[in-house]
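Participant: with the sequence up front, the predicted model follows.
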Amino acid sequence: MAAYSQYHIDGVVFSPNEEPWRLTCVYGEARTSECHKTWGMLKFIKASSPLLWLCIGDFNEVLHREEHLGVNERSNSQIQAFREIVDVCGLMDLGYVGTAWTFENKVTGGTYSRVRLDRALATPGWSECFPMAELRHLTAVASDHSAIFLRHEPKEGQPIHARIFRYEAMWESHDKFAPLIEQVWNAETRTNMQGLERKLMSLSGSLTPWGRDILCHVRRELKELKSKLAELRVAPDRVGPSHRELKIVERLVELQHREETMWQQRFCI
């Protein structure tokens, strides 16, 4: 990490067989009168580094008027100020896959204000190095702000490391976890050290494929539920969350908690 402030986290990314590049995660100033602080920060980073550059995050501004649907439209001067800093920094918008907005807010009268506040901007050199880069707007569950996810294709020829057994805390929330443990543990009747070693080897051998299947199931169900939720939220006659939406959100929160437990554990390893 090279630097940080209330508006950004800035660092350099090093990967095997790849040229170093600069990553800046942005949270733009929400107050219109203070937006110049965010734009000034981006201009400073551009002037201080010759590296390929990717900026990603919530810029709290739009590049085009059609990116703001609903009330409280932005002024031309706001939009133009964002466009100018993008041009000065030599950046270009990477586009997106998903809904046309990343922020949705219900306003008086039952209508919605939908705005594309989040995006990824990159220099032409970065885009040339990562031509398959793709930004996705993820479906928000319990927030009015959608997450964004950037993915680029890995370089060919990178070594694949053998995996070792890792216990996943998220398994404990599954109703079939305890019965599986009991079944595998009781299958070995010896109580000496050899028997204990055999029990542990059998457990790791059984839990690894079982856990992989569970994780695949969780991710598959998350994807299906998010797709259903997205369809319900863009329905032309929608005026608010339906009972079906609320049930889907409830299930998504449960599944995301399992997935979050897994990632929290892995980040600590």
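Facilitator: It's in.

Participant: quick check: closest non-adjacent residue to residue 258.
Facilitator: Spatial nearest neighbour of residue 258, chain neighbours left out: residue 170 (4.6 Å); criterion: C-beta to C-beta, 6 or more residues apart in numbering. C-beta coordinates here come from the backbone N, C-alpha and C atoms, glycine included.

Participant: pLDDT value on the most centrally placed residue in the chain, please?
Facilitator: The centre of the chain sits closest to residue 149, judged by C-alpha atoms, centre = their mean, with a distance of 4.0 Å. pLDDT for residue 149: 92.

Participant: is it true that the residue nearest to residue 258 touches residue 261?
Facilitator: Yes: between residue 170 and residue 261 there is a contact at 4.4 Å, judged by C-beta atoms under 8 Å.

Participant: now residue 140: phi and psi?
Facilitator: phi -80, psi 140 (degrees, to the nearest 10).

Participant: could you pull up the residues touching it?
Facilitator: 104, 146-147 (C-beta atoms under 8 Å, 6 or more residues apart in numbering).

Participant: what's the closest of the residues you listed to residue 176?
Facilitator: residue 147 (29.7 Å; C-beta to C-beta).

Participant: skipping its backbone neighbours, what lies nearest the closest one in space?
Facilitator: Leaving aside its sequence neighbours, residue 147 sits nearest to residue 138 (C-beta to C-beta, 6+ apart; 4.5 Å).

Participant: what's around that neighbour, how many residues?
Facilitator: 14 (other C-beta atoms under 10 Å).

Participant: rewinding a little: between residue 170 and residue 261, who's got more neighbours?
Facilitator: Neighbour totals were compared for residue 170 and residue 261, and residue 170 leads with 20 against 16 (other C-beta under 10 Å).

Participant: quick one: low-confidence parts of the stretch 101-250 of the chain?
Facilitator: 107-110, 153-165 (pLDDT under 70).

Participant: mind doing that once more with 80?
Facilitator: The stretch 101-250 of the chain contains residues with pLDDT under 80 at 106-112, 139-144, 152-170, 173, 188-195, 197-198, 201, 204-205, 208-219, 237-241.

Participant: thanks a lot, see you next time.
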